[in-house]
Structure formats: C-alpha cells, structure tokens
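Peer 1: below are the sequence and a predicted model for it; my questions follow.
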Amino acid sequence: MRILTLNANGIRSAQSKGFFEWVKKQDMDVICVQETKAQIHQLDSENFKLAGYQSYFFDAEKKGYSGVALYTRLPVKQLEKGLGFDIADKEGRYLQVDFDEVSVASLYLPSGSSGPEKQANKFIFLEKFKKKLKEIIASKRSFILCGDWNIAHKEIDLKNWRANQKNSGFLPEERAWLDEVFALGFVDSFRVLNPNASEYTWWSARGQARAKNVGWRIDYQIVTPDLKEKIKSVLIFREKFFSDHAPLIVEY
C-alpha cells in the first residue's frame, strides 16, 4: 500500500504546477491533500480527477481557506467527515476513509502563527483531537493519519530550532502534546526508517529558505503501533515542487 500526503497550499495552484500529471505516474493507492482552498464545485473539471480513483472532499465554510481531500483506488467501506467540533469541522480539517483492514485520514491541524487568538484555537483543537486519538488506540484498528500537523517535534525537525522556540509550530506546549500522542503508542513513520535524518517538508517563502534548505518537518504519516513493522520505505519528494510543502510518500 502506497500513500502520499501533500499540503497543496491551494489544490488549484498545485494542479497548475503539474501535481495531478505527476501523481498519475506514481502508483499511489491513497492520496491525501490538505489546504485545498477550494469549494467542491470549483473542482468539477477533469483537471482534478484521477482515472481509477474515487475522490472525497471536505471544504471549509470560508471560501479559499483550509479544506482537505482524499483520492483512493481502493474500495471504501465507510467515509467520515469531521471530528465533531467547530474548529475542525467548519474549517474542513479532517476526512477519514475506512478500508477492510485499515483507516486512512487526511488531516490539517490549525496554524497559530498569525496571532494569539489563532494559537489559542490551535490549543483547543489539540486538546479535543486527543480524545479522537485515544479512541483510535482503544479501537485496536489500524490507522494512518496523514497530513500537515503544523508542529515540528524535535530539534532535528527544523533547521533554525534555537530561533523558533517561542514561535508557533515549535512551542514547548505543542511539542509536549506530540510527546503525548507518541506516548499513546502512535508512531512517526518517517522516523522509523530515518531516525537521525535532518529532512524537511515545508519551507518559508522568505529568505531563500528552500534554496538553502532552511525548513521544518511538519507533515507526517503517523500510524498505530501495529503498522510500525509494515513501513517499507519513506520518501520526502523534492525533485519537483507543487507547493511550499513537499509530498511525503510511505509504502506499507
């Protein structure tokens, strides 16, 4: 099973940069997209369809903002939209499909970088989302949670960690929350095969960050403990760019 996740920073923008043409050649079973920034009626053209795949979208109420999508060529038994609280569901931040043996979600956690109110909302989201994570572990079902978590976990996960300790995405409280997630039993698939690698999935548009590889690793495929031994390969794809994030590909 091959799964790709990408924060597209606008699915129409990513399409214009060749994302769909590229992904058609990648032999993916599931494709998770975050920050679609579109309403479903704006994605009606063939440009946003993949032959052989079923597509699912969960839009934000606010136009041109947030939103997640999921494409799959595997038969879906059940679809779940949202997490049951407004910060998640009015902003289209969670979409889950259940297959026979595993569930896969496209997840877009809030950013708190634009101000104290947004950061406060992010902390509310994290606290409420923890309940869902505990339910997943208790269910004993195999889960793959793909997406932009908007938190770099360890110092190795961002280039300029010293300068960012008071910035959203690397706050001690956010990192401690991720500690709790992993303490529940969840596994960071990238780190299973790359325990010491300094690789990133997002780069600021400022200061030639991408050219200098001054990035953050904030996009994950976080899995239930039973899947740890099934992680065969992990790739952060950087040969072409479709947004300010890089696609993360994991084979199970």
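Peer 2: Thanks, I have the structure now.
Peer 1: can you give me the strands for this protein?
Peer 2: 2-7, 30-34, 54-58, 68-72, 78-81, 94-98, 102-108, 142-148, 187-188, 202-203, 215-216, 219-223, 233-236, 248-251 (DSSP state E).
Peer 1: to residue 41, which of those strands lies closest?
Peer 2: Closest to residue 41 of the strands of the chain is strand 54-58 (CB to CB; 10.1 Å). Backbone N, C-alpha and C define where each C-beta goes, glycine included.
Peer 1: next, the angle strand 68-72 makes with the closest one.
Peer 2: 170 degrees (axes from the mean of the first three to the mean of the last three CA atoms, to 10 degrees).
Peer 1: and strand 54-58, what does it pack onto?
Peer 2: Judged by 3 or more CB pairs under 8 Å, 6 or more residues apart in numbering; DSSP states H and E, strand 54-58 is in contact with strand 68-72, strand 94-98.
Peer 1: try 10 Å this time
Peer 2: strand 30-34, strand 68-72, strand 78-81, strand 94-98, strand 102-108 (3 or more CB pairs under 10 Å, 6 or more residues apart in numbering; DSSP states H and E).
Peer 1: make TSV from those and add mean pLDDT, distance to residue 134 and mean neighbour count to it.
Peer 2: Formatted as TSV, the helices and strands packed on strand 54-58 follow (pLDDT from 0 to 100; distance: least, CB to CB, whole Å; neighbours: other CB atoms under 10 Å):
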stretch	mean pLDDT	distance to residue 134	mean neighbour count
strand 30-34	98	22	28
strand 68-72	98	22	25
strand 78-81	98	16	12
strand 94-98	98	15	22
strand 102-108	98	15	24
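Peer 1: one step back: for the strands of the chain, give me JSON lines that also has distance to residue 156.
Peer 2: Output for the strands of the chain, formatted as JSON lines (distance: least, CB to CB, whole Å):
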{"stretch": "strand 2-7", "distance to residue 156": "20"}
{"stretch": "strand 30-34", "distance to residue 156": "23"}
{"stretch": "strand 54-58", "distance to residue 156": "32"}
{"stretch": "strand 68-72", "distance to residue 156": "27"}
{"stretch": "strand 78-81", "distance to residue 156": "33"}
{"stretch": "strand 94-98", "distance to residue 156": "27"}
{"stretch": "strand 102-108", "distance to residue 156": "22"}
{"stretch": "strand 142-148", "distance to residue 156": "19"}
{"stretch": "strand 187-188", "distance to residue 156": "11"}
{"stretch": "strand 202-203", "distance to residue 156": "15"}
{"stretch": "strand 215-216", "distance to residue 156": "11"}
{"stretch": "strand 219-223", "distance to residue 156": "14"}
{"stretch": "strand 233-236", "distance to residue 156": "14"}
{"stretch": "strand 248-251", "distance to residue 156": "16"}
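Peer 1: just to revisit the earlier point, looking at the helices and strands packed on strand 54-58, which is nearest to residue 115?
Peer 2: strand 102-108 (18.5 Å).
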